[in-house]
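[1] Following is a predicted model, sequence given first.
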There are 2 protein chains.
Amino acid sequence: MARTVGQSAAPPRPARGRPAGTGAAAKKRVAAPNGETGTKILDAALNLFVQSNYWSVTIKDIGRATGLNTAMIYYYFQDKEDLFRATVERAVKHAFVEFETRTNNTQSAEEVISGWLDTHIEQLDLIRKFVKISLDYASSNNRIIRIDKAISAFYDHERTILTAAIKSGIAQGYFRLVDAEQMARFISTFLDGVMARSMVLPKFDAIEAINELRGYILGQLLI
Amino acid sequence: MARTVGQSAAPPRPARGRPAGTGAAAKKRVAAPNGETGTKILDAALNLFVQSNYWSVTIKDIGRATGLNTAMIYYYFQDKEDLFRATVERAVKHAFVEFETRTNNTQSAEEVISGWLDTHIEQLDLIRKFVKISLDYASSNNRIIRIDKAISAFYDHERTILTAAIKSGIAQGYFRLVDAEQMARFISTFLDGVMARSMVLPKFDAIEAINELRGYILGQLLI
DNA sequence: GTCTATAGTCGGATAGAC
DNA sequence: GTCTATCCGACTATAGAC
């Protein structure tokens, strides 16, 4: 984000509380978080992070939500940031699975685009969670390559699917000759707006907005 | 935001650190924050809140940024939350001033709508700040009536201007007969998407996106 | 109005028993 | 794998001198 005032960028402050790496432990995660407990922690953490935000949720909150002792969190994850990273990656993976299921069988270009919007309606909560934690992560000033990649992967995937569908529709003579990349970006940006606005204004009707988008888009595309 | 998991909503936790109202002070703000120093604090606070977020910014950060002692913050504001409230209200007020200046002299309906987009391009940074702190506030789970009102006022103002312009254009025969409310919501939602996406993806070209929106909108409206 | 100093509290992370 | 107990640091807010 552009900074307009001549303040020096704040370097990432170390987390509050006892500094990590103080003790003698070798600092390796003992268990891969794929078992029952690790997954339970990830699910609870995601919901807590989404309900408020990364900085407001404490390790003790996650312990309470899972019925686990706080020390258990550190048995499965290196630290709070590592837990957040795993949470983001898991959310993206979930969203992907839904998307792939949707776009798996070959469909007409119009069905792909409309199906994409349907996915956003059906998976509204999941995608809003993804956007929410992406926004939180963006304001953390602490880049983590794996998280950057997970977020980019989501948007790249979206762009790829939409662009291909639009180009295909044009090639087959169903769609008007539009700039496919631009149109895909337009759809994607609007969908982000739906997610953002439904966070800020609880009365906002996200489904209605998506359906209105569908009308505009198809009106533009269909010959 | 809808909660899908059966966890009880976390009640707002009291702020960390020493509890407010512990001491004997009468707890009234001594000075109205309109003087030089109060304004300086507000400006610095806004920029810091936007650069990262409410929970990561400390009173000491604001002290450093202003060159003031931390105790001075509490001389001008009741507590951190009160400072945040004043910051939001100030940002909204700023944005309003810009908008009013723009929409002051009578113009054609097309000019009003296009001018609105121009305002978003020219005041991109200011409006993004507003959206950013609105999003942060939305995830605070701690409603403050004055902040709710300030945020709603912004969106209501936007809706009013756009709807009126579209209706006027229709009445005067320049625009197609569209649902004015729906179209205004569409524009407004897309603009939110532009702001959100430019936070998440630094490479995103917000100005280009707004100009593309202009093309779509005028294409829809103009006969 | 501005500062120094510090109280009171909370949260992240660890050690080590079982 | 799970828990108890606790350390250490960071934070908000205050008291009170000047």
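    It's in.

[2] C-alpha from now on. contacts and neighbour counts both.
    Will do.

[3] Tell me how far stretch A:51-61 lies from the chain's centre.
    Centroid separation for stretch A:51-61 versus its chain: 18 Å, with C-alpha atoms, centre = their mean, to the nearest Å.

[4] mean confidence for it?
    What stretch A:51-61 shows for mean pLDDT is 97.

[5] Next: stretch A:140-148.
    Rounded mean pLDDT across stretch A:140-148 is 94.

[6] How about stretch A:182-194?
    98.

[7] residue ranges with poor pLDDT in chain A?
    A:1-11, A:22-33 (pLDDT under 70).

[8] residues from chain A in reach of chain B?
    Residues of chain A lying near chain B by C-alpha under 8 Å from any C-alpha of the partner chain: A:1-3, A:5, A:7, A:47, A:50-53, A:55-56, A:65, A:125, A:134-135, A:138-141, A:186, A:189-194, A:196-200, A:202, A:209, A:212-213.

[9] Please spell out the PyMOL selection for the buried subset of the residues you listed.
    Those of these that count as buried under 16 or more other C-alpha atoms under 10 Å in any protein chain shown are selected in PyMOL with:
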select buried, chain A and resi 1+47+50+51+52+53+56+65+125+134+135+138+139+140+141+186+189+190+191+192+193+194+196+197+198+199+200+209+213
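
[10] Which of the residues of chain A next to chain B fall in strands?
    Per DSSP state E, strands hold no members of these.

[11] Start from the N-terminal end of chain A and give the helices.
    A:36-51, A:59-66, A:70-76, A:80-102, A:109-122, A:124-138, A:145-171, A:180-200, A:206-221 (DSSP state H).

[12] Any part of the second one near DNA strand C?
    Same thing as helix A:59-66. Yes: applying C-alpha under 7 Å from any atom of the strand, one finds helix A:59-66 touching DNA strand C at A:59-60.

[13] Counting neighbours, which bits of that helix end up buried?
    Neighbour-count burial for helix A:59-66 [16+ other C-alpha under 10 Å]: A:59, A:61-63, A:65-66.

[14] Now do it: which elements does it pack against?
    Helix A:59-66 sits against helix A:36-51, helix A:70-76, with contacts defined as 3 or more C-alpha pairs under 8 Å, 6 or more residues apart in numbering or on different chains; DSSP states H and E.

[15] Name the residues of chain A found near DNA strand D, please.
    A:13-19, A:31, A:35, A:37, A:67-72, A:75.

[16] are any of these buried, and which?
    For those, buried by 16+ other C-alpha under 10 Å: A:70, A:75.

[17] For the residue of chain A found nearest chain B, give its distance to DNA strand D.
    Of all residues in chain A, A:Gly193 sits closest to chain B, with a separation of 3.2 Å (C-alpha to the nearest C-alpha). The gap separating A:Gly193 from DNA strand D is 30 Å, by C-alpha to the nearest atom of the strand, to the nearest Å.

[18] Name the nearest residue to that residue, ignoring sequence neighbours.
    B:Gly193 (3.2 Å; C-alpha to C-alpha, 6 or more residues apart in numbering or on different chains).

[19] cool, and A:Arg128?
    Excluding the flanking residues, the one nearest A:Arg128 by C-alpha to C-alpha, 6+ apart is A:Met195, at 5.5 Å.

[20] Equivalent analysis for A:Ile62, please.
    A:Ala45 is the one closest to A:Ile62 (C-alpha to C-alpha, 6+ apart), at 6.0 Å.
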